[in-house]
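Q: this one's sequence-less:
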């Protein structure tokens, strides 16, 4: 009886530990999604909001354009937040028995229109205003499935947002291709690049990066992939994610 009781206590402890680990993993996932999907939109909206008044003072037409951009950004942030809330608690169906329909954004667009179409839509969004983004899908002719496509989208989203936010770049290139048994996502820009640590030889903001970089690395690792960030050959920064092909596409 003592042995059975000990086994029962150990099983209860292991079950509790597994529950706590699952809760922690979910909290980390929500933190990544809130950062990638909502915080980016709000950061861009705050920058535009600061420029609306001065823009109106200089040129009413430009001020109106900035105001419209602000509305677009806040609507996009609201749509992303609703999408995240829907994942936590599905929307109740309307009187006709179907969930309310909205223009999809972010991962909803990936699921509806595919990864390449979603990336092209994001490249032309107000979040990246002022940045010319070329999207090339060389050899990426087949979806890798939900998990892989969503990881690729979030990594591309974060990389492009960082370019627009930090790099002082005018142009970026996003290339998506299939290479043998892997999928490569490569984002490069013509900006100022990153600084090399003088004391420890590390790339400041890269190895010791913030939540955005950690989020990209964690997302790639979750599907067995890797992430590399380095200085461009001439200028700017290169972010490259290598993911193994999804199992359902290797048959």
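A: Received, thanks. Model, not experiment: these values are computed from the prediction.

Q: all strands of this protein, in order?
A: Assigned by DSSP state E, the chain shows strands spanning 132-136, 171-179, 182-189, 226-231, 237-244.

Q: got a markdown table for those strands, with mean neighbour count, mean pLDDT and distance to residue 8 too?
A: Bear in mind the C-beta positions are built from the backbone N, C-alpha and C, glycine included. Compiled in a markdown table, those are given as follows (neighbours: other CB atoms under 10 Å; pLDDT from 0 to 100; distance: least, CB to CB, whole Å):
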| stretch | mean neighbour count | mean pLDDT | distance to residue 8 |
| --- | --- | --- | --- |
| strand 132-136 | 16 | 92 | 57 |
| strand 171-179 | 18 | 91 | 51 |
| strand 182-189 | 22 | 92 | 46 |
| strand 226-231 | 16 | 92 | 42 |
| strand 237-244 | 21 | 93 | 41 |
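
Q: could those strands go into JSON lines alongside distance to residue 49?
A: Converted to JSON lines, the strands of the chain look like this (distance: least, CB to CB, whole Å):
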{"stretch": "strand 132-136", "distance to residue 49": "23"}
{"stretch": "strand 171-179", "distance to residue 49": "24"}
{"stretch": "strand 182-189", "distance to residue 49": "25"}
{"stretch": "strand 226-231", "distance to residue 49": "30"}
{"stretch": "strand 237-244", "distance to residue 49": "27"}
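
Q: Of these, give the one that comes closest to residue 150.
A: strand 237-244 (11.3 Å; CB to CB).

Q: which outside residues touch the closest one?
A: 144, 148, 151-152, 155, 159, 162-163, 167, 181-189, 191, 193-194, 216, 220, 223-232 (CB atoms under 8 Å, 6 or more residues apart in numbering).

Q: How far away from the center of its chain is it?
A: 13 Å (CA atoms, centre = their mean, to the nearest Å).

Q: what angle do it and strand 182-189 make?
A: With axes from the mean of the first three to the mean of the last three CA atoms, to 10 degrees defining the directions, strand 237-244 sits at 170 degrees from strand 182-189.

Q: wait, isn't residue 149 in contact with residue 116?
A: No - counting by CB atoms under 8 Å, residue 149 stays clear of residue 116, with 9.5 Å between them.

Q: shared neighbours of the two, anything?
A: With the criterion set as CB under 8 Å, 6+ apart, the contacts of residue 149 and residue 116 do not overlap.

Q: ends of stretch 31-43, how far apart?
A: End-to-end distance of stretch 31-43 (CA to CA, to the nearest Å): 16 Å.

Q: Please work out the average pLDDT along that stretch.
A: In this model, stretch 31-43 has a mean pLDDT of 73.

Q: how far does it sit from the chain's center?
A: 8 Å.

Q: any idea how far the closest residue to residue 191 other than its chain neighbours is from residue 238?
A: Of all residues not flanking residue 191 in the chain, residue 167 sits nearest, at 2.8 Å (CB to CB, 6 or more residues apart in numbering). Using CB to CB, to the nearest Å, one gets 11 Å for the distance from residue 167 to residue 238.

Q: Run a quick neighbour tally on residue 111.
A: 15 (other CB atoms under 10 Å).

Q: for residue 132, what are its contacts?
A: 170, 171, 172.

Q: give me the number of residues near residue 68?
A: 12.

Q: ok now do it, which residues does it touch?
A: Residue 68 touches nothing, counting by CB under 8 Å, 6+ apart.

Q: Any figure for the gap between it and residue 131?
A: Distance from residue 68 to residue 131, by CB to CB: 18 Å.
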